[in-house]
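Undergrad: got a predicted structure plus its sequence, pasted below:
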Number of protein chains: 2
Amino acid sequence: MAEAELLVCVKCRAGREIPDDGQRPGELLADRLMDARPEGLRVIPVECMSNCDHGCSVAFRGEGRWTFVYGNFTEDDAALVAEGATLYAGTPDGLVPWRSRPEHFKRNCIARIPPLTTATATAPKEAAE
Amino acid sequence: MAEAELLVCVKCRAGREIPDDGQRPGELLADRLMDARPEGLRVIPVECMSNCDHGCSVAFRGEGRWTFVYGNFTEDDAALVAEGATLYAGTPDGLVPWRSRPEHFKRNCIARIPPLTTATATAPKEAAE
């Protein structure tokens, strides 16, 4: 199975004013996640995931897996992101049951997208559905 | 090049109360898009894309392409969605320049995700970035 990936938006200001020479919250979060090395995932910096109103943003994805975008993190949430990412990496298809997700992941899912191989996409219900 | 795909969330209530036996706005939108047959894309119904606060939701994606999730459509927006989808299908990588997008697509991008083949993802700036 291909390694799962943890994408982190490095351009995110998390809704704050950041001076031109200041480090953005998204970049800090990405740095900390690269240091944390969450098990079973590769951390990949992305320049803008276009979820700017609800950043910081991360996405979990991988070949043959559902992609999940989660938002509303801060630069201090590296451990929380790593926890959710490790749960995702431990599934074959990316579908962590809703009840098993850490609280932040239950309330801050921005979008989910079925794997490329799926012709008609069905999956267990999301809570909000 | 693999055909681009237009995913439509068929479970979406678009923030309205829908009776149990009523047709959901997302399902209606998907039906109308399948009738519209936008050029260069396959329309795929998806059961919940977890963008429930900003539906109806669609996603454009394809092998080797950036994935874009767009929201805040209604069941009456099939022609608008088809217009944006056709522009997407006409690019090699999914990146329609921000200025060339129909107005709704400029203001209602929920998230964008780089292609699976990208190790470090850079792309032209999004306007909000």
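TA: That came through, no problem.
Undergrad: got the contact list for the helix or strand encompassing A:A79?
TA: Using DSSP states H and E, A:A79 sits in helix A:78-89. Helix A:78-89 has contacts (Cβ atoms under 8 Å, 6 or more residues apart in numbering or on different chains) with A:3-4, A:6, A:8, A:29, A:32-33, A:35-36, A:38-41, A:58, A:60, A:65, A:68, A:70, A:73, A:94, A:96, A:100-102, A:104-105. For the C-beta atoms, the positions are set from N, CA and C on the backbone; glycine is no exception.
Undergrad: pull the contacting residues for A:A111.
TA: Going by Cβ under 8 Å, 6+ apart, A:A111 touches A:68-69, B:49-51, B:57, B:59, B:69, B:110-111.
Undergrad: what does A:N72 give?
TA: A:54-56, A:104, A:108.
Undergrad: go again using 10 Å as the cut-off
TA: Contacts of A:N72 were listed using Cβ atoms under 10 Å, 6 or more residues apart in numbering or on different chains, and they are A:14-15, A:51, A:53-57, A:104, A:107-108, A:110.
Undergrad: give me the pLDDT value at it.
TA: Looking at A:N72, its pLDDT reads 97.
Undergrad: any stretches of chain A with poor pLDDT?
TA: A:1-2, A:118-129 (pLDDT under 70).
Undergrad: what ranges does it have for its strands?
TA: Taking DSSP state E to define them, one finds strands in chain A at A:4-9, A:41-46, A:58-61, A:67-70, A:109-113.
Undergrad: these into CSV, with extra columns for distance to A:P25?
TA: Putting those into CSV (distance: least, Cβ to Cβ, whole Å) gives the following:
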stretch, distance to A:P25
strand A:4-9, 10
strand A:41-46, 13
strand A:58-61, 12
strand A:67-70, 15
strand A:109-113, 16
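Undergrad: drop anything exposed from the contacts of A:N72.
TA: Among the contacts of A:N72, those buried by neighbour count (16 or more other Cβ atoms under 10 Å in any protein chain shown) are A:14, A:51, A:54-57, A:104, A:110.
Undergrad: so which of these belong to helices?
TA: A:H104 (DSSP state H).
Undergrad: rebuild the buried ones among the contacts of A:N72 as a markdown table, extending it with distance to A:D21.
TA: Output for the buried ones among the contacts of A:N72, formatted as a markdown table (distance: Cβ to Cβ, whole Å):
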| residue | distance to A:D21 |
| --- | --- |
| A:A14 | 17 |
| A:N51 | 25 |
| A:H54 | 26 |
| A:G55 | 20 |
| A:C56 | 20 |
| A:S57 | 23 |
| A:H104 | 30 |
| A:I110 | 29 |
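Undergrad: out of the buried ones among the contacts of A:N72, which touch chain B?
TA: Among those, the residues lying close to chain B (Cβ under 10 Å from any Cβ of the partner chain) are A:51, A:54, A:57, A:110.
Undergrad: how close does the second one get to B:C109?
TA: I take that to be A:H54. 12 Å (Cβ to Cβ, to the nearest Å).
Undergrad: do the same with the first one
TA: Summarising the geometry, the distance separating A:N51 from B:C109, computed by Cβ to Cβ, is 8 Å.
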